[in-house]
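A.B. asks: below is the sequence, then the predicted model.
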Amino acid sequence: MQRRTKWIFIILSVLSLVLTVTFLFIGLTPEGWDYALPRRGRSVAAIIIVGAAIAFSTLIFQTITNNRILTPSIIGLDSLYMLVQTSLVFFFGTLGLVSMTQGTNFMISIALMVGFALLLYTMLFKGEQQNIYFLLLVGIIFGTLFSSLSTFMQVLIDPNEFQSIQNRMFASFSNINVDLLWLACIILLLTMIYAFPYLKYLDTLSLGRDHAVNLGIPYDKVVRRYLIIIAIMVSVSTALVGPILFLGLLVVNVAREMLSTFRHSQLAIASVLVSIVALVGGTLVVERVFAFSAPLSVIINFVGGAYFIYLLLRGTKN
Amino acid sequence: MAMKMLEVEKPTVHTEVAALEVKNVSKAFDGKKVVEDVSVAVNKGTLTSFIGPNGAGKSTLISMMSRLLDHDTGEVFVEGKEIGKYKSDELAKKVSILKQSNNINIRLTIRELVSFGRFPYSKNRLTKDDWAFVENALDYMNLRDIQDKYLDQLSGGQRQRAYIAMVLAQDTDYIILDEPLNNLDMKHSVQIMKTLRQLCDELGKTIIIVVHDINFASCYSDDIVAMKDGIVVEKGHCHDIINPTSLKNIYDMDINIEEVNCNKICVYFT
């Protein structure tokens, strides 16, 4: 490992540690200790889990599509999540959303999202058309369909009920349910175990399909497994905190710019660290600077969107 | 060119064992047959050129010979074993392929690219032996001085040589190259062809190339397979194919053949 890389890792680790500690203890009075600390601890845990899952899934998504301006949200999982939430309110009312335990909602959302992703993949891998861009296009179309359906239902329902949906449209790290946190942890851990034997292929996969096949990677099998892993990771993090569209794109590309390497062992760690820094730092800014007036995902989408445009403009210049 | 003459004088070098063989292979894209019922066998230790007009199905055929593409019907054998029966990393130690267009989206130095050639053997942890193969490949393709340059800083010819070096580092018995002379000037084309010839003669590699310049095929190959409209129209030893009748059959052109320094040179420019 180069000297520079080592320093980047040290700085990122220290930064995320400092931010996490600040987040946990800022403005804490001895009286509020017992009340605030567990809550903040849950938020930080959720941030780290979600940040890691999103960073990692975006990294492998970009590797298997050989495209560094894509995020897994392109296949419409976020829109599906919103559709599920909207339908719950539409058919059962706000009461339905509230009375349903969070665990049930969580599991329904994950099951539907993973199911949808698997359906897309089977479609892709059944026919001759083994083109990943075909999958993306179909995903975009479904994503649009889901958003339109959600919007349609949202305009029909009572404005008060719409409010409760609106709360779910933006990711939030406050009020995380402990049981869900444990559940998400376990699912993600199992997913990582499932992914582990395939991690060694990532560097070579980034050379593209032809080279990967030539170098002896069972390409279709590997890509299929990775798509499943991505679907699970995105679904779990979305169901846990809500959609964060641009986070993955942002953090993975920042990590790439910083390290300028193709080695996924380094890229993955850096992306996860950047992700934690961005989320913890972002949450701090939201709470302390904006006094909760702007949701975190709005800020992330704003920064991410600006960065995305920068990437596109720079791409056209080359 | 002296090497070529040597080769002609001792044809006994070729063991006539079909090492890479396709039998009745067909492939259709969207209902249009691109390769139709083709059977070809390539002998071990030879350099075989696939020639023919654009769209003849050459690239499709060699893609199927190297499992980049599945075949619709028929069979492909590598040393007598059906290609689908190999484990993928096992096959990657036997057969390597380089396509004609190689767009890699990540930033790599030549040395890093070439080191990927060792992936089938050691995955991401290259051993000392692996690095020796990498060094050898770099030397073989004259890339040592520029080994730390990034691919996007190279000329087309340098890049092509870097990709070929990667395939060499893979150290397979069978090397399949789709238009390796693409993008290369005369000097580098000759260099590459001489290197390929050397690989055959000195290391006993079996090499299959798709080549458009008929004179390179004529001067350097042992065997030639000519395709047209998805079928094989001519196949055989190089000197049997390079004659006006066969070439007319392949290219629909009248081609004169002159002998220069014991090499058959096709004259088709006017």
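C.D. replies: Yes, it's here.
A.B. asks: any stretches of the stretch 151-270 of chain B with poor pLDDT?
C.D. replies: Counting by pLDDT under 70, the stretch 151-270 of chain B has no low-confidence residues at all.
A.B. asks: residue of it nearest chain A, please.
C.D. replies: Residue nearest to chain A within the stretch 151-270 of chain B (C-beta to the nearest C-beta): B:Gln170, separated by 7.3 Å. Every residue, glycine included, has its C-beta placed from N, CA and C.
A.B. asks: could you pull up the residues touching the closest residue to that residue other than its chain neighbours?
C.D. replies: Spatial nearest neighbour of B:Gln170, excluding adjacent residues (C-beta to C-beta, 6 or more residues apart in numbering or on different chains): B:Gly117 at 4.1 Å. Each residue near B:Gly117 by C-beta atoms under 8 Å, 6 or more residues apart in numbering or on different chains is listed here: A:Leu215, B:Ser96, B:Phe133, B:Val134, B:Ala137, B:Ala165, B:Met166, B:Val167, B:Leu168, B:Ala169, B:Gln170, B:Asp171.
A.B. asks: residues of chain B that sit close to chain A?
C.D. replies: B:66-68, B:88-93, B:96-99, B:102-108, B:112, B:116-117, B:119-120, B:123-124, B:167, B:170 (C-beta under 8 Å from any C-beta of the partner chain).
A.B. asks: make a PyMOL selection of the buried ones in the residues you listed.
C.D. replies: Only the buried entries of the residues of chain B next to chain A go into this PyMOL selection, using 16 or more other C-beta atoms under 10 Å in any protein chain shown:
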select buried, chain B and resi 66+67+68+88+91+92+93+96+97+98+99+102+104+106+108+112+116+117+119+120+124+167+170
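A.B. asks: narrow the residues of chain B next to chain A to those in strands?
C.D. replies: Among these, the residues falling in strands (DSSP state E) are B:Ser96, B:Ile97, B:Leu98.
A.B. asks: contact partners for the residue lying closest to the second one once chain neighbours are set aside?
C.D. replies: With C-beta to C-beta, 6+ apart as the measure, B:Ser66 is the residue that lies nearest to B:Ile97, at 3.8 Å, once sequence neighbours are left out. The neighbours of B:Ser66, taking C-beta under 8 Å, 6+ apart as the test, are A:Asn214, B:Val95, B:Ser96, B:Ile97, B:Ile176.
A.B. asks: so A:Leu279 versus A:Ile244, what's the distance?
C.D. replies: To A:Ile244, A:Leu279 is 8 Å away according to C-beta to C-beta, to the nearest Å.
A.B. asks: A:Ile299 now?
C.D. replies: Counting by C-beta to C-beta - A:Ile299 and A:Ile244 are separated by 10 Å.
A.B. asks: residues in contact with the closest residue to chain A within the stretch 1-150 of chain B?
C.D. replies: As assessed by C-beta to the nearest C-beta, chain A sits closest to B:Ala92 within the stretch 1-150 of chain B, at 2.8 Å. Residues near B:Ala92 by C-beta under 8 Å, 6+ apart: A:Asn214, A:Leu215, A:Gly216, B:Phe119, B:Pro120, B:Gln170, B:Thr172.
A.B. asks: and the fourth one, what pLDDT?
C.D. replies: Here, the pLDDT recorded for B:Phe119 equals 95.
A.B. asks: hmm, it is touching A:Asn214, no?
C.D. replies: No - if you go by C-beta atoms under 8 Å, B:Phe119 and A:Asn214 don't touch, sitting 9.4 Å apart.
A.B. asks: and the closest residue to B:Lys27 other than its chain neighbours, how many neighbours?
C.D. replies: With sequence-adjacent residues excluded and distances taken as C-beta to C-beta, 6+ apart, B:Lys27 is closest to B:Val35, at 4.4 Å. Residues lying near B:Val35 (other C-beta atoms under 10 Å in any protein chain shown) number 28.
A.B. asks: mean confidence for the host helix or strand of B:Val35?
C.D. replies: Here B:Val35, judged by DSSP states H and E, is contained in strand B:32-43. Confidence over strand B:32-43 (mean pLDDT, whole number) is 93.
A.B. asks: between the following helix or strand past it and strand B:32-43, what angle do the directions make?
C.D. replies: Toward the C-terminus, strand B:32-43 is succeeded by strand B:47-51 as the next helix or strand (DSSP H and E). Angle of strand B:47-51 versus strand B:32-43, following axes from the mean of the first three to the mean of the last three C-alpha atoms, to 10 degrees, is 160 degrees.
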